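Visitor: got a predicted model here, sequence first, then my questions.
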Amino acid sequence: MRAAIEVAGLTAAFGGRTVLDGVAFTVPWGAVTGFVGVNGAGKTTTLRRIVGLEAGGGVARVAGKAYADLEAPAEMLGCCPDVLGAAPGQTAAQHLDALALRAGLDRGAARRALADVGLSGVDGRIRALSLGQRRRLAIAGALLAEPRVLVLDEPFDGLDPGGRRWLSARLRAHADAGGAVLLSAHALHEAEPLLDRLVCLHAGAVRFEGPTEAFLRAHASPVVLVRSLDQPRLARALQAAGAVVHRRSGDALAVRELDAAAIARVAARLGVLLTELAPRRTTLSDAFAAAVGAAP
């Protein structure tokens, strides 16, 4: 079976500036793939290329075909853009009815999608909707035809904690049922538990593609928080042993380059009593910052 999404050699330039420089990656079925990068890395342009909204070099395929060649594109791929793009004077139902009509769906599709995202009772004009409600409406547009592939640009933006939990569960269920999800996200701490795979884009090029855990291992920079009864002497000894030591609020030492066992041995040799020795797990945000910081 072909991958859910395949892109190869994507190039794009705007105003003489290279935005995409040979971008290539795949999105498999049955997984949630995160698409991460700093602002201006080319994420939104790549997503727009996948759904045929931008021109440029290279190829982008959905289930083996260009988006324009899909027989029923809405049933294969649902897209949640970063901007809703709806007429502010419409209601949520009217907006979805128009999308359903364009996709050749029955009017019941809009009602089902509104119920899916928790907007069934919302009948005000789009201009009066909250940011979170607009985000849910954009997600409803992606879910309208119950597609197999979901492409979501910053779907967590504007959602309250309950909405984020709902969306995470909804996307996890979609992937577990054999569908595919590609999502971009700035708030990596929210998306991290959801992501099976990661594509890291930097300066228009893919710098990493693979399992999220592999990315964390490759860019881990573990920190151990340390407190003792003689912080200055311990800090000097840890630095002499090769550690990078920073003082934190509350008089804690944040220690890198030595693990907890090595720190304990240094303290034992000094005869300094440790009152706290707490390894801190490297988060996806930490790893991403390390990866981008190391990239040219």
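Guide: Received, thanks.
Visitor: what about Thr91, neighbour count?
Guide: Residues lying near Thr91 (other CB atoms under 10 Å) number 18. Bear in mind the C-beta positions are built from the backbone N, C-alpha and C, glycine included.
Visitor: actually, Ala3.
Guide: With other CB under 10 Å as criterion, Ala3 counts 16.
Visitor: test my guess that it contacts Gly30.
Guide: No. Taking contacts as CB atoms under 8 Å, Ala3 lies outside contact range of Gly30: 10.9 Å.
Visitor: next, the buried residues of stretch 192-204.
Guide: 192, 194-204 (16 or more other CB atoms under 10 Å).
Visitor: quick one, domains of the protein?
Guide: Per automatic domain parsing, the structural domains of the chain span 5-217, 223-280.
Visitor: Val292 is nearest to which of those?
Guide: Among the domains of the chain, the nearest to Val292 by CB to CB is domain 5-217 (5.9 Å).
Visitor: okay, how far is it across that closest one, tip to tip?
Guide: In terms of CA to CA, to the nearest Å, the two terminal residues of domain 5-217 are separated by 26 Å.
Visitor: so what's Ala278 up against?
Guide: For Ala278, the contact set (CB atoms under 8 Å, 6 or more residues apart in numbering) comprises 224-226.
Visitor: if you set the cut-off to 6 Å instead, what comes out?
Guide: By CB atoms under 6 Å, 6 or more residues apart in numbering, the contact set of Ala278 is Leu225.
Visitor: can you map out the strands along the stretch 151-296 of the chain?
Guide: With DSSP state E, counting those that start in this stretch, the ranges of strands along the stretch 151-296 of the chain come out as 180-184, 197-202, 205-211, 223-228, 244-247, 253-256, 274-280.
Visitor: could I get these in CSV, plus columns for mean pLDDT and distance to Asp123?
Guide: What follows is the strands of the stretch 151-296 of the chain, written out as CSV (pLDDT from 0 to 100; distance: least, CB to CB, whole Å):
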stretch, mean pLDDT, distance to Asp123
strand 180-184, 96, 29
strand 197-202, 94, 39
strand 205-211, 95, 44
strand 223-228, 93, 50
strand 244-247, 90, 54
strand 253-256, 90, 52
strand 274-280, 92, 47
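Visitor: would you turn the ones you listed into CSV with distance to Arg102?
Guide: Conversion of these to CSV gives the following (distance: least, CB to CB, whole Å):
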stretch, distance to Arg102
strand 180-184, 22
strand 197-202, 30
strand 205-211, 33
strand 223-228, 51
strand 244-247, 55
strand 253-256, 54
strand 274-280, 49
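Visitor: any idea where the helices of the chain begin and end?
Guide: All helices of the chain, identified by DSSP state H, fall at 43-50, 73-76, 92-103, 108-116, 131-143, 161-176, 188-191, 212-218, 231-240, 260-270, 284-294.
Visitor: show me what the third one is packed against.
Guide: Taking 3 or more CB pairs under 6 Å, 6 or more residues apart in numbering; DSSP states H and E as the contact definition, the neighbouring helices and strands of helix 92-103 are helix 108-116.
Visitor: which residues touch the helix it packs on?
Guide: Residues outside helix 108-116 that contact it (CB under 6 Å, 6+ apart) are 93, 96-97, 100, 120, 140, 143-144.
Visitor: what about the closest residue to Asp251 other than its chain neighbours, neighbour count?
Guide: Excluding its sequence neighbours, the residue lying closest to Asp251 (CB to CB, 6 or more residues apart in numbering) is Gln231, at 6.0 Å. Around Gln231 there are 17 other residues, counting by other CB under 10 Å.
Visitor: same check, this time on Arg217
Guide: 11.
Visitor: distance of it from Ala291?
Guide: Going from Arg217 to Ala291 by CB to CB, to the nearest Å gives 12 Å.
Visitor: now Arg136, nearest residue through space, not along the chain?
Guide: Distances taken as CB to CB, 6+ apart put Val117 closest to Arg136, at 4.3 Å, once the chain neighbours are dropped.
Visitor: equivalent analysis for Ala110, please.
Guide: Closest residue to Ala110 apart from its sequence neighbours, by CB to CB, 6+ apart: Leu96 at 3.6 Å.
Visitor: repeat for Phe35
Guide: Spatially, and ignoring its direct neighbours in sequence, Phe35 is nearest to Ser184 (4.4 Å; CB to CB, 6+ apart).
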